[in-house]
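What follows is a protein structure lacking sequence information:
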Ligand SMILES: [Zn+2]
């Protein structure tokens, strides 16, 4: 297989970041169609990352529900609870899925 140019990976990274920003904006619009579009943007970003072997940034890994693909926006479609004794913040999506983000 042909080795990919580093510029290709850079462009892929840019596209992933841009798609994630757009997905966040769409989620904040709240209507059903926009939320569907946001999920689609996230899916495309994930496909780009696997195709070009680019690592997904931490903010995308932590900012998307694994079960339903929603972009997590605190106060809109997810709750944030701190488990200070265990050292993590729990992001609870509206579908019920919990995501633990460690801060210790
Ligand atoms: Zn979810």
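Arrived safely, thanks for sending. Here the structure is a predicted model, which is why all the values come from computation and not from measurement.

Spell out which helix or strand contains the closest residue to residue 71 other than its chain neighbours, please.
Spatial nearest neighbour of residue 71, excluding adjacent residues (C-beta to C-beta, 6 or more residues apart in numbering): residue 27 at 4.4 Å. Quick note: C-beta positions are derived from backbone N, CA and C, even for glycine. Residue 27 is located in helix 6-28, with elements delineated by DSSP states H and E.

helices and strands around that helix, which ones?
On a contact count with 3 or more C-beta pairs under 8 Å, 6 or more residues apart in numbering; DSSP states H and E, helix 6-28 meets helix 32-51, helix 58-63.

Show me which residues of the last one are buried.
This means helix 58-63. 60, 63 (16 or more other C-beta atoms under 10 Å).

Kindly report the same for stretch 97-104.
Here stretch 97-104 shows residue 99 as buried, counting by 16+ other C-beta under 10 Å.

residues making contact with the lowest-mean-pLDDT helix or strand in the chain?
Among the helical and strand segments of the chain, the one scoring lowest on mean pLDDT, DSSP states H and E is helix 58-63, with a mean of 89. Outside of helix 58-63, the residues within contact range by C-beta atoms under 8 Å, 6 or more residues apart in numbering are 16, 20, 24, 42, 45, 71-72, 91, 99, 101.

what about it and the ion, touching?
No: shown here: helix 58-63 not in contact with the ion (C-beta under 5 Å from the ion), separated by at least 11.8 Å.
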